[in-house]
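Chemist: Pasting the sequence and the predicted model now:
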Amino acid sequence: MREHAALRDLAGGIVVLVIAGLYYWAIGDIAESSLSDDVGATGLPRILAYILAGFGLILTARAVMAGALSPAPRPAAEASAPSEDEDETSALPRALGFLAFGVAYVVLVPIIGYLPAIALLIGAVALYEGAPRNWKTLATALGGALLYWGIFVKLLGVHQPSGWFF
Amino acid sequence: MHSLGIAFDLLFGSPIILYSIIGLIWGIIGGSLPGISASITMALLLPFTYGMAPVQAIVLLACTYIGAEYGGSIPAILIRTPGTNSAAATVIDGYEMKRQGRAGEALGISLWSGVIGSLFGLLMLIMLTEPLSWVALAFKPTSYFALGILGLSVIASMTNGSLLKGLAAAVVGLMIATIGTDPISGVTRFTFGSPELLGGVEPVLIMIGVFAVSELMMQSGSKGLGGVSEQVRVRLPSLSMMNRLKRSQFIGCLLGTFEGLTPGGGGSIAAFLSYNEARRWSKEPEKFGKGSEEGVAAPETANNTVASAALIPLLSFGIPSSNSTAVLLGGLLIHGLLPGPRLFEQNADVVVGLYLGSFIATLAQILVGILLLPVCVWLVNRPRAYLAGFILALILSGIFTLNTSLADLGIALGMGLVGYLMRRAGYPLLPLILGVVLGHMVESSYRRSLLLSGGDHTIFLEDPIAVGLLLASFVFVTLSLVREFRDARNAKLKDAHA
């Protein structure tokens, strides 16, 4: 368990280093301005990139010292049972699947319009989360879409994206 | 006496009570909808105020602000989504209480604390408008910078044993805050040619992404979505509980007043500072983060105090200290009202009406809050699978209302993924939020200070307000470091003994 935490911290430290690197690289695209002050538009970003890189190095080093890279022996009995690590591994694709519904909505809403898109979103997510495939789910999706359309479009007067149908 | 006469005229000769209640209801509902902040709730009303008498329009907007500050805590407690920026600190213990089956109790504490905070803020507004506004007038860029640092220093005591990860998350938050147009030179930074990023990334998108979207992902990934499975009833605190909450509410009132008076302070900083101080002064600090009643009371008292106290610099000098007060300033300007000493002389009815309307809304908040809460609770107390679809749909619809931009949806979903990965890797989310919220103020005031001094950093030592705030920050961080080292040493000793 401790090795798993160290490995997780190692991955986190490396990601922090990568973010610092990418951010520093992007600073190069910031244009110079004649209106700029002594610190300049790149001043704080540079400092932040250095600080984050420093944190990333410390986090990585700390994870390595905690045994992230040392092979962890695993008892046979434990190996045969589903571990917490395996649960976490299966949770990631499921969570990403959930997020995919949001992404699909962003792609679909300018095409099919707000009302059908939001109905599809509610219905699809409900089914993904275990709702039964029956009229109740369908009615909930349609009712929910009408409710949101009423609140946002009619009551608040916010123009939601229109598509081919609505 | 003159003001009392105006108050009686308004009370009995105008529909001011009606406007107060409508504003309050609108604010609670708007504030409780994720993605619709207090300022948006108020801004949506602005077009409707054109045809109203000035006093009615201002009362409507001010009472909406009061309602939204309370309403923001409802989704914070029930679905881990702060309805308004200033309700972000309420998520910590409010949602934890909900997970423990104490959602009704958390909502009751939030409501009660909101009323206490609003009443105190209103009292300050009436009593201290003119004398204390001199403090706001004395704020210089150096003071703003120090205020931002004070807000960031709160991170140190919120990371629960992972200070380094918390600091890294805060730096990432500050990095996000640098996206957009440079505050001094106007140069674009990290926009990658996207016009949607020119104005920067709105903190509310980050909040919704890392709090709400990541929570939906976490729950979907584990054992399905956790709705409010237990029967939730609003439970106002008992007398003994009210007594226990007094200390944290007092802290919330004081810090809420201070932050409300401080331009740029705002409800978010007040809420986080109050949470931090309530924990520091609590008899049960170990309960914070694990469903502490005081952890809900302190930030809720603070952000409701800010809603009234923030009107002091606005009315006295026309300085909006937050987005919401900026909208209220817009409401004043629509009706040709200019804040300042002349407002008190020439439009006393507006000022007195504002006080009176806010007082009515504050008192009505208890009843309206109780009546509306079951509706809000009902909304989230649906079957888990359906709730997931409804919450995601609400989030995406709400976000679109900000700028009617699909890019905002992409940003929030992206931040949801970031929040999910951070939580899986054990990185705290709150420092990231604070970095985003305070980043602009810290950078712009720092650079403005150096512009004034010609690059001389000793300018920060010449401003007594800045020195005081920086010293307070130093004390926060030092105490937190000492506690972290002490806890680590104790843990090692415990391991050695085991």
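Modeler: That came in fine, so what should we check first? Residues are numbered from 1 along each chain as shown, chains lettered A, B, ... in the order given.

Chemist: Could you pull out the helices in chain A for me?
Modeler: A:2-27, A:43-65, A:76-80, A:84-112, A:114-128, A:135-148 (DSSP state H).

Chemist: need those in TSV with mean neighbour count, can you?
Modeler: For every residue, glycine as well, the C-beta is placed using N, CA and C. Shown next, in TSV, are those (neighbours: other CB atoms under 10 Å in any protein chain shown):
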stretch	mean neighbour count
helix A:2-27	17
helix A:43-65	18
helix A:76-80	7
helix A:84-112	16
helix A:114-128	23
helix A:135-148	17
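
Chemist: Can you lay out the ones you listed as CSV showing mean pLDDT?
Modeler: Written out in CSV, the entries for the helices of chain A read as follows (pLDDT from 0 to 100):
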stretch, mean pLDDT
helix A:2-27, 88
helix A:43-65, 92
helix A:76-80, 47
helix A:84-112, 85
helix A:114-128, 94
helix A:135-148, 93
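
Chemist: would TSV of the ones you listed with distance to chain B be doable?
Modeler: Output for those, formatted as TSV (distance: least, CB to the nearest CB, whole Å):
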stretch	distance to chain B
helix A:2-27	4
helix A:43-65	4
helix A:76-80	21
helix A:84-112	3
helix A:114-128	4
helix A:135-148	5
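
Chemist: so where's the stretch 251-400 of chain B shaky on pLDDT?
Modeler: Within the stretch 251-400 of chain B, the ranges that satisfy pLDDT under 70 run B:262-266, B:317-323, B:326, B:339-342, B:376-382.

Chemist: Next, find the distance separating the residue lying farthest from the centre of chain A from B:G186.
Modeler: Distance from the C-alpha centroid of chain A peaks at A:S34, with 38.4 Å (CA atoms, centre = their mean). Per CB to CB, to the nearest Å, A:S34 is found 11 Å from B:G186.

Chemist: Please list all residues in contact with B:E443.
Modeler: Going by CB atoms under 8 Å, 6 or more residues apart in numbering or on different chains, B:E443 touches A:L44, B:A177, B:T178, B:P183.

Chemist: for the stretch 101-250 of chain B, what are the low-confidence residue spans?
Modeler: Ranges of the stretch 101-250 of chain B meeting pLDDT under 70: B:129-137, B:151, B:154-161, B:204, B:221-232.

Chemist: which residue packs closest to residue 122, ignoring adjacent ones?
Modeler: All of this is about chain A. B:G389 (3.7 Å; CB to CB, 6 or more residues apart in numbering or on different chains).

Chemist: hm, I was asking about chain B
Modeler: Going by CB to CB, 6+ apart, B:L122 has B:S308 as its nearest residue, at 4.6 Å.

Chemist: follow-up on the earlier one: nearest to B:L125, of the helices of chain A?
Modeler: Closest approach to B:L125 among these is made by helix A:43-65 (35.9 Å; CB to CB).

Chemist: how far off helix A:2-27 does the closest one point, in degrees?
Modeler: 160 degrees (axes from the mean of the first three to the mean of the last three CA atoms, to 10 degrees).

Chemist: Report all helices and strands that helix A:43-65 contacts.
Modeler: helix A:2-27, helix B:163-177, helix B:430-453 (3 or more CB pairs under 8 Å, 6 or more residues apart in numbering or on different chains; DSSP states H and E).

Chemist: Mind putting those into JSON lines with distance to B:A62?
Modeler: Listed next are the helices and strands packed on helix A:43-65 as JSON lines, based on distance: least, CB to CB, whole Å:
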{"stretch": "helix A:2-27", "distance to B:A62": "41"}
{"stretch": "helix B:163-177", "distance to B:A62": "29"}
{"stretch": "helix B:430-453", "distance to B:A62": "23"}
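
Chemist: I appreciate the help and will end here.
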